[in-house]
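Chemist: I would like to see how this sequence folds:
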Amino acid sequence: MQTVAVLSLKGGVGKTTVVLGLASAAMRRGVRTLVVDLDPQCNATACLEPERTGKGISDVLADPRPDVVRAAITGSAWGDEVDVLVGSEDAESHNGNHPERTLTRLTEALSELDDLIADGELPYQLVLLDCPPSLGRLTRSALVAADRALLVTEPTIFAVSGVQRAFEAVQTERESNNPRLQPLGVIVNRVRPRSHEHQFRIEELREIFGPLVMPVALPDRLAVQQAQGACLPIHQWGTPGAREVALAFNLVLARTLRAGRSRPFDEDDEDEPDDSE
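Modeler: You can find the predicted model right below:
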């Protein structure tokens, strides 16, 4: 099981869009996926239209016992391949001043997943953690629980600054609490190829992060908002713009799954961003 935290420390860059796009690509490929909605805005939950549950992520973080986790996970309207650990607005209460030991509660909950699978069901191959756009305890809990961190940005000056801070947060959490955590990469969202400003910012990102910047970027297409408004996977929307975005997500998913099969992290191989300039 590959667990990926999808984060940015700037709001509005399309973090949930990336989670939903990866879930859509995974469903198309037959990869059983669990989306964990840690964002109190609950946008991923709303788009996936899960069945009603008696519990949510706030309950799980308060009490990660198996029966609570089981009650918080349900199927999505997308299909059997995508389940949801549903979000809740009161998850914001877990961003407050809690003891450091509470950072492992999400890890404890996810460790129970294989035992919670019903007879005849396949185990989850991919878990996507949709983080809020801040470095509170919700995001930190995700980084403690994750194998990989996927950093989302737009090609704008403030978003570039946000992704630098997100990378620093990943490095800090790896050194402090989760030595297996690795950066999966930086994905640039809402790119307009003819924009000189966008191309300038992408080159700036490559100078800072080097090969961590994914070679595929997500184009700025109206189809993304249309599919989300209809609560449908981007792969099922069917317009030319949707097909272009879906192809990009197929490539990001392929990189994600390859990373799950790679050898354990070696500090000597670490790709550090060059911020010396």
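Chemist: List the buried residues in the lowest-mean-pLDDT helix or strand in the chain.
Modeler: Least confident helix or strand, the chain: helix 113-116 with a mean of 82, by mean pLDDT, DSSP states H and E. Neighbour-count burial for helix 113-116 flags residue 113 (criterion: 16 or more other CB atoms under 10 Å). All C-beta atoms are positioned from the backbone trio N, CA, C, and that covers glycine.
Chemist: List the buried residues of the helix or strand following that helix.
Modeler: Following helix 113-116 in sequence order, the next helix or strand is strand 126-130 (DSSP states H and E). With burial defined by 16+ other CB under 10 Å, the residues of strand 126-130 counted as buried are 126-130.
Chemist: Ramachandran coordinates for the closest residue to residue 147 other than its chain neighbours?
Modeler: Nearest residue to residue 147, sequence neighbours excluded (CB to CB, 6 or more residues apart in numbering): residue 3, at 4.9 Å. The phi and psi values for residue 3, taken as degrees, to the nearest 10, are phi -110, psi 120.
Chemist: likewise residue 33?
Modeler: phi -130, psi 140.
Chemist: Just confirm residue 103 contacts residue 139, I think it does.
Modeler: No. With contact defined as CB atoms under 8 Å, residue 103 does not count as touching residue 139 (10.4 Å).
Chemist: between these two, who's got more neighbours?
Modeler: Just comparing residue 103 and residue 139: by other CB atoms under 10 Å the higher neighbour count belongs to residue 139, 25 against 21.
Chemist: Tell me the spacing between the spatially closest residue to that one that is not a sequence neighbour and residue 235.
Modeler: Leaving aside its chain neighbours, residue 139 sits nearest to residue 131 (4.5 Å; criterion: CB to CB, 6+ apart). Distance of residue 131 to residue 235, given as CB to CB, to the nearest Å: 23 Å.
Chemist: Also residue 36?
Modeler: For residue 36, the distance to residue 235 - CB to CB - is 21 Å.
Chemist: what about these two, which has more around it?
Modeler: More crowded of residue 36 and residue 235, by other CB under 10 Å: residue 36, with 29 against 23.
Chemist: Strands of the stretch 101-250 of the chain, start to end?
Modeler: 126-130, 148-153, 182-188 (DSSP state E, counting those that start in this stretch).
Chemist: Can you show me the CA trace of the helix or strand residue 83 falls within as CSV?
Modeler: Taking DSSP H and E as the definition, residue 83 sits inside strand 79-85. Taking Å, rounded to 0.1, in the frame of the first residue of the first chain, the C-alpha atoms of strand 79-85 are listed here in CSV:
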residue,chain,number,x,y,z
GLY,A,79,-17.3,3.2,-8.3
ASP,A,80,-16.0,0.2,-6.3
GLU,A,81,-12.4,1.1,-6.8
VAL,A,82,-12.5,4.4,-4.8
ASP,A,83,-13.5,4.6,-1.2
VAL,A,84,-13.5,7.7,1.1
LEU,A,85,-12.5,8.3,4.7
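Chemist: what's it packed up against?
Modeler: helix 15-29, strand 33-37, helix 43-48, strand 73-76 (3 or more CB pairs under 8 Å, 6 or more residues apart in numbering; DSSP states H and E).
Chemist: what does it contact?
Modeler: Strand 79-85 is contacted from outside by 23, 26-27, 30-37, 44-45, 48, 50, 56-57, 60, 69, 72-76, 124, using CB atoms under 8 Å, 6 or more residues apart in numbering.
Chemist: what about burial for those, which qualify?
Modeler: Buried among the contacts of strand 79-85 by 16+ other CB under 10 Å: 23, 26-27, 31-37, 44-45, 48, 50, 56-57, 60, 69, 72-74, 76, 124.
Chemist: ok so, going back, and the gap between the residue nearest to residue 147 and residue 224?
Modeler: Taking CB to CB, one finds residue 3 at 25 Å from residue 224.
Chemist: ok, now residue 245?
Modeler: 6 Å.
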